[in-house]
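Enquirer: Could you look at this predicted model? Sequence included:
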Amino acid sequence: MQPRFHSLLAPTIRWLLLALLACNAAAITDPNLEARVKAAFLYKFATYVEWPDAGQSEAPFVVGIVESDQIAAALQLLAPGRHIGRRPLVVRRLKTGDSPNGVQMLFVGQSTGAALKTWIDNVRGQPVLVVTETEGALTQGSVINFVLAEQHVRFEISLPAAEQRHLKISSRLLSVARQVQTGSAP
């Protein structure tokens, strides 16, 4: 039975599990390491989410990054040659006042109050995977939120926020989340 279980695990889920184990093995104390780990997670998150227009486009898959130059830089190093389905991965840095139109994923770095709400509201109702790293962001409409637990990068997921955006999150990703919110979305 065990060999069959291993054959069922897709290479990408094995990669995600290895990344989680690596995060457990060494606490995140270096901000550059934390940025690289989060960038890798962002890429992998996209591979475990189904968008309503899945398979219909070969246009670039755009990840908009706000308030985090380190994560943007780390993801830009990772992006060349990477694809989400058939779509090439592209990273776009956004700043206050920029429009997030055309992004499939929006990462909002540590942001507070009105700024976070503004970014989330700018893509509300659109099929955009909103990922944050701010405490309480799931209650504001984020789909995935990074948390540091005992100096390890973890993440939590809001299923209602994903459903409002017409995104389907793989059970494989849900199974490795620290917490999955199933109540009503904001």
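Expert: Nice, thanks for sending it over.
Enquirer: residue contacts, A115?
Expert: Taking Cβ atoms under 8 Å, 6 or more residues apart in numbering as the criterion, A115 is in contact with 67, 96. Yep, even glycine has a C-beta here, placed from its N, CA and C like the rest.
Enquirer: can we see that at 10 Å?
Expert: Residues near A115 by Cβ atoms under 10 Å, 6 or more residues apart in numbering: 66-67, 96, 108, 134.
Enquirer: Let me know the closest of those to A35.
Expert: Ranking the contacts of A115 by separation from A35, with Cβ to Cβ as the measure, puts E67 on top at 12.4 Å.
Enquirer: Quick check: that closest one vs D121, distance?
Expert: Using Cβ to Cβ, to the nearest Å, one obtains 16 Å as the distance from E67 to D121.
Enquirer: So the two - more neighbours on which side?
Expert: A direct count of neighbours by other Cβ atoms under 10 Å for E67 and D121 places E67 higher, at 22 against 12.
Enquirer: shaky segments in the chain?
Expert: Along the chain, the parts satisfying pLDDT under 70 run over 1-31, 54-56, 184-186.
Enquirer: three-state assignment of the residue nearest the centre of it?
Expert: To find the centre residue of the chain, average its C-alpha atoms and take the closest one (Cα atoms, centre = their mean): that gives L42, at 4.0 Å. At L42 the chain is in helix, as set by DSSP: H, G, I helix; E, B strand; the rest coil.
Enquirer: Hmm, it is touching V91, no?
Expert: Yes: applying Cβ atoms under 10 Å, one finds L42 in contact with V91, separated by 9.2 Å.
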